[in-house]
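In: Pasting a predicted model and its sequence here:
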Protein chains: 2
Amino acid sequence: MTASVSPESLPTGEPRWLDTDEQKAWRAWLYSSQLLQDRLDRELTHRTGISHAYYEILVALSETPERMMRMSELADRCLSSRSRLSHAVSRLEERGWVRRQVCAEDGRGQLAVLTDEGFAALEGAAPIHVEGVRRELFDQLSPEQVAAMRDFGEALLRHLDPSRMP
Amino acid sequence: MTASVSPESLPTGEPRWLDTDEQKAWRAWLYSSQLLQDRLDRELTHRTGISHAYYEILVALSETPERMMRMSELADRCLSSRSRLSHAVSRLEERGWVRRQVCAEDGRGQLAVLTDEGFAALEGAAPIHVEGVRRELFDQLSPEQVAAMRDFGEALLRHLDPSRMP
DNA sequence: GTAGCGTAGTTGAGCGCTTGACTATTCCGC
DNA sequence: GCGGAATAGTCAAGCGCTCAACTACGCTAC
């Protein structure tokens, strides 16, 4: 995918092309992560009407004591831009699963609040989601592979977004 | 994310909830893969005007002897639906990077052909892409972690899409 | 040959995301 | 306190993807 193009035309120095093994590792990671995310998202969407992105929003809200969270914090937590989250919350509001509430401490802020209907929707979706993750991911891996997955996932996370490390 | 919801309301049997370690492994994988793909796609798009999805199409075509491929085959190769690929090829055609050609052997078929302009665009983008992959992925991992990543990716691939295994 | 079915690919409507501009509020230095 | 910068969130335009319908061609059986 990358080495088939001749290594000329470089802005700064010779690019460090991938060797055959690196290409195989890269492709295995790329394809498997795309296929897995796609499959889980499709199953969840078709069986519950909740996309994985929306599911993550509902989960994040459900995990707070008051089932509410500042819009920005929620966006960060869900790897979402503010704009994207704002749109998503509007659509969840139309379903009656979330409502907006002005933030008492900060007049600029809004709180997204999970409604009882939203919590019920999440309760319905959670078993579908977790079974999918187990069937498509954990059931396919040995305990050593799971440990390795976590290890290198955390190594990447440390680089990509250290604040998200436990 | 999944265990915070009480385990009632199951269609078929008790769901196999994730324990704490499994949740950490799952989240590390989910966040790191989303962040990495997002970062690589953004860098490529902003610096070259070519999204990762389009890049994959150009790469696939460039790797064939005649720089052409049947639409369906190209869609499979790029983890794309036929519809999505058809739209994408139309847009690449507008840029002059790909052209369509009727297939001689099968009157229903179309061939997507990489033009010289398309190949030149790929040559310009490839160093950006490979440097991104190296900087954000390989430079962050030990050789052992790279090997584990490949092992794990291939294990998933064997389950998700055996035909894609080498 | 032609009916019926399967396959290849395209198209249009609708939806969600991105970008960038915009409003409103708060924070900070003087 | 007051003016300017920073922050929170929203909104509109445009783009890419999904879904389902659709056209066109090939294959098989009769």
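Out: In hand now; what should we look at? Here the structure is a predicted model, which means the values were calculated and not measured.
In: could you say what helices and strands the helix or strand where A:Trp26 lies packs with?
Out: Secondary structure here is read from DSSP states H and E; on that basis A:Trp26 sits in helix A:20-48. Where contact means 3 or more C-beta pairs under 8 Å, 6 or more residues apart in numbering or on different chains; DSSP states H and E, helix A:20-48 is packed against helix A:52-62, helix A:116-136, helix B:20-48, helix B:143-160. (Each C-beta comes from the backbone N, C-alpha and C, glycine too.)
In: quick one, which of the ones you listed is packed in tightest?
Out: Ranked by mean neighbour count, those are led by helix A:52-62 with a mean of 22 (mean count of other C-beta atoms under 10 Å in any protein chain shown).
In: and the angle from it to helix A:20-48?
Out: With axes from the mean of the first three to the mean of the last three C-alpha atoms, to 10 degrees applied, the angle from helix A:52-62 to helix A:20-48 works out at 70 degrees.
In: Say whether DNA strand C is contacted by helix A:52-62.
Out: Yes - shown here: helix A:52-62 in contact with DNA strand C (C-beta under 7 Å from any atom of the strand) through A:Ala53.
In: Quickly check: that helix near chain B or not.
Out: Yes - counting by C-beta under 8 Å from any C-beta of the partner chain, contacts between helix A:52-62 and chain B involve A:56, A:59, A:62.
In: and of these, the nearest to B:His52?
Out: Nearest to B:His52 among those is A:Glu56, at 21.9 Å by C-beta to C-beta.
In: was I right about the closest one contacting A:Leu74?
Out: No - at 9.5 Å, A:Glu56 does not count as touching A:Leu74 under the criterion of C-beta atoms under 8 Å.
In: Can you pull the residues of chain A lying near DNA strand D?
Out: On the criterion C-beta under 7 Å from any atom of the strand, DNA strand D has as its neighbours in chain A the residues A:42, A:45-46, A:70-73, A:75, A:82-83, A:85-87, A:89-90, A:100, A:103, A:106, A:108-111.
In: Now intersect those with the helices, please.
Out: A:42, A:45-46, A:71-73, A:75, A:82-83, A:85-87, A:89-90 (DSSP state H).
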